[in-house]
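> Build me a model from this:
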Amino acid sequence: MTDTGQDSRRVDAARARFARVAFADTLGVAIEELAYDRALLRLPFRPDNLNARGVLQGGASASLVTLAGTLAAWTGIDFDAEINLSCVDVSLQYLSASKEEDVTAEARTLRRGGALIFLDVTVRSARGTPLVHGALTYQASDYAAGHAPRLRAEHVLLPAPAPLIAPAERRLFHGYVEKLGITPEHQSPGRARLSMPCTPLHVDERGHVHAGALASIVDIAAVSATWSLVPRRPGIRGSTIGMQVTFPSPATTAVVADAHVQQRSEELLFSTVHVTSADSGQLVAMGQVSYRLLEPWEEEPSVTGPQPPRVFGTS
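Numbers count the residues shown, from 1 in each chain. Here you go, the predicted model:
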């Protein structure tokens with residue numbers, strides 16, 4: 001685009017649209033800078049955005065990435081046109097932890113390819129340390145305008161756990177997770193089921209559950225399934241290192257997340273998460289999560305040499 005006036009109008013429209021995103025207010029996110037193809041957001045330090053260890057929760061970071069990427073995408077969109085707007089997917093790498101400080105997310109458009117917009121997002125600490133790197137794809141499409149939608153939904157989901165076994169410990173469900181109302185429904189070795197309501201705190205400017213909220217339940221569901229495999233004891237620690245989430249359908253009601261640890265390869269655990277509408281069962285998000293769990297070896301005085309690897313795998 002070369003029309004500076006048109007650029008300015010679309011940036012102003014993007015700013016006005018962002019003001020209607022209730023989920024941004026839930027986190028406390030504010031716009032620092034906004035220009036065509038670029039957005040800089042600030043997330044102030046707030047205890048209710050932290051996890052059980054007192055650091056910025058992975059879902060809060062993911063939400064900040066989706067908010068910044070979406071806003072940068074909006075700066076080049078003509079909202080007067082009849083178009084379908086949605087976050088297609090987001091991929092995250094967790095580089096470092098943040099504790100008791102404001103953080104920023106800078107999103108830049110890499111390419112506008114017709115209906116698809118590809119964005120790069122970096123979350124940084126107050127000192128400029130990179131915390132999270134994100135890649136986001138956004139859709140602004142008029143492809144189906146005037147036509148009947150072509151839809152196919154043949155979900156192959158995890159079977160519902162039966163009977164439901166509520167976890168005895170809820171250590172993970174505080175701070176940011178508690179703020180979103182995410183509740184554990186089931187936990188067994190390698191499995192977790194969580195639920196999240198749809199309230200005015202969770203929605204985007206259209207009244208849909210925000211992609212960041214869906215990414216948040218993906219993250220904590222995978223974390224819950226991971227920790228179901230190990231007993232709590234001193235010295236054990238872990239963190240999400242990577243997450244890929246796709247958003248096949250919008251959600252306007254409460255959702256349920258089913259997480260399954262597909263494989264443990266020593267300290268690395270790989271989980272699949274399906275998020276569905278609690279009312280219809282429609283698939284609204286799919287996640288793949290990589291987690292690193294550092295677990296101290298048990299003392300075995302009678303055994304010498306290398307210890308056998310700890311492997312868990314189901315399919």
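
> residues touching residue 29, list them.
Neighbour list for residue 29: 41-43, 64, 67 [criterion: CB atoms under 8 Å, 6 or more residues apart in numbering]. Backbone N, C-alpha and C define where each C-beta goes, glycine included.

> which one of those sits closest to residue 225?
The nearest member of the contacts of residue 29 to residue 225, counting by CB to CB, is residue 64 at 23.8 Å.

> Can you tell me how far the closest one is from residue 131?
Distance, residue 64 to residue 131, by CB to CB, to the nearest Å: 9 Å.

> tell me, what residue is most central in the protein?
The centre of the chain sits closest to residue 215, judged by CA atoms, centre = their mean, with a distance of 2.3 Å.

> and the closest residue to that one other than its chain neighbours, how many neighbours?
Leaving out its chain neighbours, the residue that sits closest to residue 215 by CB to CB, 6 or more residues apart in numbering is residue 62, at 4.0 Å. Neighbour count of residue 62, defined by other CB atoms under 10 Å: 28.

> For residue 62, give me phi and psi.
In terms of degrees, to the nearest 10, the main-chain angles of residue 62 are phi -60, psi -40.

> from what I can see it touches residue 219, true?
Yes. At 6.2 Å, residue 62 and residue 219 qualify as touching, with contact defined as CB atoms under 8 Å.

> So residue 66 sits against residue 213, correct?
No. Counting by CB under 8 Å, residue 66 stays clear of residue 213, with 9.1 Å between them.

> helix or strand right after the strand or helix carrying the residue nearest to the centre of the chain?
For residue 215, the host element (DSSP states H and E) is helix 211-227. Counting by DSSP H and E, the element after helix 211-227 in chain order, helix or strand, is strand 237-246.

> Would you mind listing the outside residues contacting that following strand?
Applying CB under 8 Å, 6+ apart, the set of residues contacting strand 237-246 from outside is 53, 58, 62, 88-94, 97, 211, 214-215, 218-219, 222-223, 226-227, 285-294.

> Return a ChimeraX selection command for the buried portion of those.
A single ChimeraX command selects the buried members of these (16 or more other CB atoms under 10 Å):
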select :58,62,88,89,90,91,92,94,97,211,214,215,218,219,222,223,226,227,285,286,287,288,289,290,291,292,293
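
> about what we covered before: find residues that contact each of residue 64 and residue 131.
Common neighbours of residue 64 and residue 131 (CB under 8 Å, 6+ apart) are 103, 123.

> now the helices for this structure?
Along the chain, the stretches classed as helices by DSSP state H are 4-18, 22-27, 58-74, 176-179, 211-227.

> Redo those helices as TSV? Include mean pLDDT and distance to residue 276.
Below are the helices of the chain laid out as TSV (pLDDT from 0 to 100; distance: least, CB to CB, whole Å):
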stretch	mean pLDDT	distance to residue 276
helix 4-18	92	28
helix 22-27	97	20
helix 58-74	98	18
helix 176-179	96	19
helix 211-227	97	11
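
> Mind putting those into a markdown table with distance to residue 239?
A markdown table is the format used below for those (distance: least, CB to CB, whole Å):
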| stretch | distance to residue 239 |
| --- | --- |
| helix 4-18 | 30 |
| helix 22-27 | 20 |
| helix 58-74 | 8 |
| helix 176-179 | 15 |
| helix 211-227 | 9 |
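
> show me what contacts the nearest residue to residue 79 once chain neighbours are set aside?
Sequence neighbours aside, residue 13 is the residue nearest to residue 79 in space, at 5.4 Å (criterion: CB to CB, 6+ apart). For residue 13, the contact set (CB under 8 Å, 6+ apart) comprises 74, 77, 79.

> And residue 230, by the same measure?
Counting by CB under 8 Å, 6+ apart, residue 230 touches 236, 293, 295.
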